[in-house]
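**Student:** Give me a model of this one.
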Amino acid sequence: MQIIKYTVFLICLGVTAGFGQGNSFLKAYGNSGYDFGRDIKQDNDTGYVITGSSSSFANDGEAYLLKLDENGEFEWSWNYGGTGTEWGESLVITSDSTYAIAGYTNSYGAGGFDFYLVRIDELGAPVWEKYYGGSNWDQAYGLVQLEDGGFVMAGESYSFHDGKRSGYIVRTDEDGIMLWEHAMDGPESFFRDIDIDGDSIVVCGGIGDGGVDTYDGYVAKFSIDGTFGWDKAIGQEYNDQFNAMQIVDNYYSFGGARGYNYPTEDQNMWMYRMDDIGNEVVDTIYVNESLNIDAVNDIAIRADQDYAFIGETKSYGYSSIDGKYDIFMAKMSTSFIHFSAKTYGEAGDDKGQAMDRTRDGGAVYLADTKYFSTGGNNILIIKVNGTWVYPDLVSDEGDFLVEFDDITNSLPSYIETIDLTVYPNPFKDVINLPQIDEGTYSVYSIDGQMIQKGKVNSQQLDLSHLKTGTYLLTVQTQDGIYKKRLIKS
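**Tutor:** Next up is the predicted model:
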């Protein structure tokens with residue numbers, strides 16, 4: 001094992017030209033509101049799914065799932081949430097090739113924000129929604145699915161230990177029923193990402209280091225039943241934190257930010273690697289060209305252990321002109337020495353949020369942009385093919401090469417549940433559900449907005465307040481999920 005205790009690199013950006021061979025694209029997605037991206041995965045059909053928060057179809061932001069084909073063409077999008085605010089922060093493609101997203105909500109739950117977990121079918125409709133936490137703010141940032149079909153979420157909570165900020169973990173079964181929860185005691189702490197190592201859960205984030213409002217990077221390991229294993233704090237004098245992690249071949253790799261000034265919060269991009277018992281392998285920072293704020297927000301690693309990451313910078317690209325964030329992307333070897341790097345951005349903040357390695361040997365990057373925006377903020381996706389040639393932002397003639405695709409929140413073609421009896425349909429005021437004695441229901445408009453939800457307390461639902469039109473009814477009982485189109489006459 002090669003041990004590199006500490007290395008420092010000054011980044012020199014190379015400019016790439018052309019698209020190279022294969023499937024690459026640079027596209028912005030959004031509508032009239034503020035649309036933000038937080039996580040992206042390549043789907044099993046080689047398309048892509050994205051989650052975040054959108055206010056284009058609601059007064060407040062709602063969590064969403066956006067589906068694109070392999071060329072980045074829009075297929076469908078669904079929003080999830082109630083009358084408050086929801087964020088989707090992390091998503092998984094589940095073992096049955098459907099989806100789950102985790103984040104936080106203040107529409108439901110015990111108070112403040114609560115952990116928010118949505119189980120989603122293959123066409124975007126919610127199968128169930130669950131909420132976890134206490135009376136204060138609880139926000140989930142990481143999500144994994146276990147072999148038993150259950151889920152583990154990691155984030156932070158102010159609901160325990162007298163309101164102190166605490167790293168918070170929740171494990172559920174496959175139906176979203178909580179099996180256990182754990183809020184860290186001791187110094188203030190938070191979790192930003194999670195991964196699975198065999199029968200163990202590993203989380204990363206930050207923990208108070210004894211200074212004034214300063215943190216160290218933090219790693220903690222738990223068994224599947226929630227028993228604490230070991231933890232490790234890594235840092236120096238100022239704010240250091242891990243934002244992302246991935247486990248491959250018994251190595252734990254992290255990306256984040258290492259501070260070098262306080263209270264101005266100047267930071268360098270930080271990469272760190274340890275073995276599975278906590279021994280340091282590589283500790284690397286990338287030194288800014290000027291005193292500024294740079295960070296790694298997500299990483300992705302291939303089985304042969306080359307790295308790729310995405311983050312945000314105020315030291316390179318257009319940010320040197322307007323002082324706002326630009327997107328920063330790079331690829332490197334296991335020793336973090338050989339890499340290519342690229343920035344994207346124009347006027348205003350453009351931040352790299354998440355990425356995934358793709359099956360063609362390339363990667364797909366997710367970012368937020370204000371400049372290439374049809375509303376207040378848009379989602380920007382950069383697809384890099386296996387030759388790792390970054391798409392050009394500007395043509396030789398000076399024209400921007402970013403394509404735009406409007407997100408429309410509409411129902412896809414739907415296979416209804418044939419064994420749910422609903423009458424009358426079309427209806428005027430009330431519908432009857434003779435098979436349902438107990439359960440929960442949701443009513444969606446044809447554009448995908450949740451209009452009404454609640455418990456089925458009798459075998460009738462009063463929908464007299466709905467306007468004339470077509471709706472989708474979903475009913476969840478202990479026997480399963482039923483779906484039916486309704487027509488209000």
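**Student:** Which residue ranges of the stretch 51-200 of the chain form helices?
**Tutor:** For the stretch 51-200 of the chain, no helices are identified by DSSP state H, counting those that start in this stretch.
**Student:** all strands in it, in order from the N-terminus.
**Tutor:** For the stretch 51-200 of the chain, applying DSSP state E, counting those that start in this stretch gives strands covering 62-68, 74-80, 86-93, 99-105, 114-120, 126-132, 138-145, 151-157, 166-172, 178-183, 189-197, 200-208.
**Student:** want to throw the ones you listed into a markdown table with mean neighbour count, distance to residue 239 and mean pLDDT?
**Tutor:** C-beta: built from backbone N, CA, C; applies to glycine. Shown next, in a markdown table, are the strands of the stretch 51-200 of the chain (neighbours: other Cβ atoms under 10 Å; distance: least, Cβ to Cβ, whole Å; pLDDT from 0 to 100):
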| stretch | mean neighbour count | distance to residue 239 | mean pLDDT |
| --- | --- | --- | --- |
| strand 62-68 | 26 | 28 | 94 |
| strand 74-80 | 22 | 33 | 90 |
| strand 86-93 | 24 | 21 | 97 |
| strand 99-105 | 28 | 23 | 98 |
| strand 114-120 | 25 | 25 | 96 |
| strand 126-132 | 21 | 28 | 91 |
| strand 138-145 | 25 | 17 | 98 |
| strand 151-157 | 28 | 15 | 98 |
| strand 166-172 | 24 | 16 | 98 |
| strand 178-183 | 17 | 22 | 98 |
| strand 189-197 | 22 | 12 | 98 |
| strand 200-208 | 24 | 8 | 97 |
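**Student:** In a markdown table, list the ones you listed along with distance to residue 40.
**Tutor:** A markdown table is the format used below for the strands of the stretch 51-200 of the chain (distance: least, Cβ to Cβ, whole Å):
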| stretch | distance to residue 40 |
| --- | --- |
| strand 62-68 | 9 |
| strand 74-80 | 14 |
| strand 86-93 | 8 |
| strand 99-105 | 12 |
| strand 114-120 | 15 |
| strand 126-132 | 20 |
| strand 138-145 | 13 |
| strand 151-157 | 18 |
| strand 166-172 | 23 |
| strand 178-183 | 27 |
| strand 189-197 | 14 |
| strand 200-208 | 19 |
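**Student:** what's the neighbour count on residue 244?
**Tutor:** 24 (other Cβ atoms under 10 Å).
**Student:** again, but for residue 350
**Tutor:** Counted with other Cβ under 10 Å, residue 350 comes out at 29.
**Student:** Tell me how far it lies from residue 316.
**Tutor:** 12 Å (Cβ to Cβ, to the nearest Å).
**Student:** Give the residues shared as contacts by these two.
**Tutor:** Among the neighbours of residue 350, those also in contact with residue 316 (Cβ atoms under 8 Å, 6 or more residues apart in numbering) are residue 326.
**Student:** hmm, back to that, looking at the strands of the stretch 51-200 of the chain, which is nearest to residue 310?
**Tutor:** strand 189-197 (13.5 Å; Cβ to Cβ).
**Student:** so what secondary structure elements neighbour that closest one?
**Tutor:** Strand 189-197 sits against strand 138-145, strand 151-157, strand 166-172, strand 200-208, strand 215-223, strand 240-248, strand 251-259, with contacts defined as 3 or more Cβ pairs under 8 Å, 6 or more residues apart in numbering; DSSP states H and E.
**Student:** For the stretch 301-450 of the chain, give me the ranges with low pLDDT.
**Tutor:** 303-305, 338, 409-418, 446-449 (pLDDT under 70).
**Student:** Do you have the strands of it handy? List them.
**Tutor:** With DSSP E, counting those that start in this stretch as the criterion, the stretch 301-450 of the chain has strands spanning 307-313, 326-332, 339-344, 350-357, 363-369, 378-384, 403-406, 430-432, 439-445, 450-456.
**Student:** Could you pull up the residues touching residue 44?
**Tutor:** Residue 44 touches 93, 97, counting by Cβ under 8 Å, 6+ apart.
**Student:** my bad, should have said residue 347
**Tutor:** 318, 322, 324, 370-371.
**Student:** what do you get if the cut-off is 7 Å, keeping everything else the same?
**Tutor:** Counting by Cβ atoms under 7 Å, 6 or more residues apart in numbering, residue 347 touches 322, 371.
**Student:** and what of residue 370?
**Tutor:** 348-350, 377.
**Student:** same check, this time on residue 236
**Tutor:** Contacts of residue 236 by Cβ under 7 Å, 6+ apart are residue 258.
**Student:** out of the strands of the stretch 51-200 of the chain, which comes closest to residue 38?
**Tutor:** The nearest among the strands of the stretch 51-200 of the chain, by Cβ to Cβ, is strand 86-93 at 5.0 Å.
**Student:** And that closest one, what does it pack against?
**Tutor:** strand 35-42, strand 48-54, strand 62-68, strand 99-105, strand 138-145 (3 or more Cβ pairs under 7 Å, 6 or more residues apart in numbering; DSSP states H and E).
**Student:** want to try JSON lines for these, with distance to residue 91 as columns?
**Tutor:** Formatted as JSON lines, the helices and strands packed on strand 86-93 follow (distance: least, Cβ to Cβ, whole Å):
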{"stretch": "strand 35-42", "distance to residue 91": "5"}
{"stretch": "strand 48-54", "distance to residue 91": "5"}
{"stretch": "strand 62-68", "distance to residue 91": "7"}
{"stretch": "strand 99-105", "distance to residue 91": "5"}
{"stretch": "strand 138-145", "distance to residue 91": "7"}
